[in-house]
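Colleague: Return atomic coordinates for the entry below.
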Amino acid sequence: MSDAAPLPARRKLYRVAELARLWDVDGSTVYRMIYAGRLHAERHGTKGGAIRIPATAVAEYEASVVAPVPAEAIAS
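Modeller: Residues are numbered from 1 along each chain as shown. Predicted coordinates:
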């Protein structure tokens, strides 16, 4: 048995194309959301790096744009 510490869990990072496919929008729409400051993104790698969007940022954005349906709208 090893005394080595377990590796930390990797957090999910989305690529722009993944989110575009998931949300059924064009990739340029995702880039506009990032550049407008509505969706948090990070750069990873060298020479400017690739843009990656943390799953937490996706969840925050989705929670901010999805409005709950009022109960009276559901009642028949």
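Colleague: Give me the most central residue, the chain.
Modeller: Centroid-nearest residue in the chain: residue 58, 2.8 Å away (criterion: C-alpha atoms, centre = their mean).
Colleague: residues in contact with that one?
Modeller: 14, 19, 39 (C-beta atoms under 8 Å, 6 or more residues apart in numbering). (Each C-beta comes from the backbone N, C-alpha and C, glycine too.)
Colleague: give me every residue that touches the last one.
Modeller: With contacts defined as C-beta under 8 Å, 6+ apart, the neighbours of residue 39 are 30, 33, 53, 57, 58, 61.
Colleague: What of the second one?
Modeller: Contacts of residue 19 were listed using C-beta under 8 Å, 6+ apart, and they are 30, 53, 58.
Colleague: check which helix or strand covers the nearest residue to residue 13 once chain neighbours are set aside.
Modeller: What sits nearest to residue 13 in space, not counting adjacent residues and going by C-beta to C-beta, 6 or more residues apart in numbering, is residue 52, at 3.9 Å. Assessed by DSSP states H and E, residue 52 sits inside strand 50-54.
Colleague: And the next helix-or-strand element following that strand, what's buried?
Modeller: Counting by DSSP H and E, the next helix or strand C-terminal to strand 50-54 is helix 55-65. For helix 55-65, burial by neighbour count (16 or more other C-beta atoms under 10 Å) applies to 57, 58, 61.
Colleague: Likewise for stretch 69-76?
Modeller: Buried residues in stretch 69-76 (16+ other C-beta under 10 Å): none.
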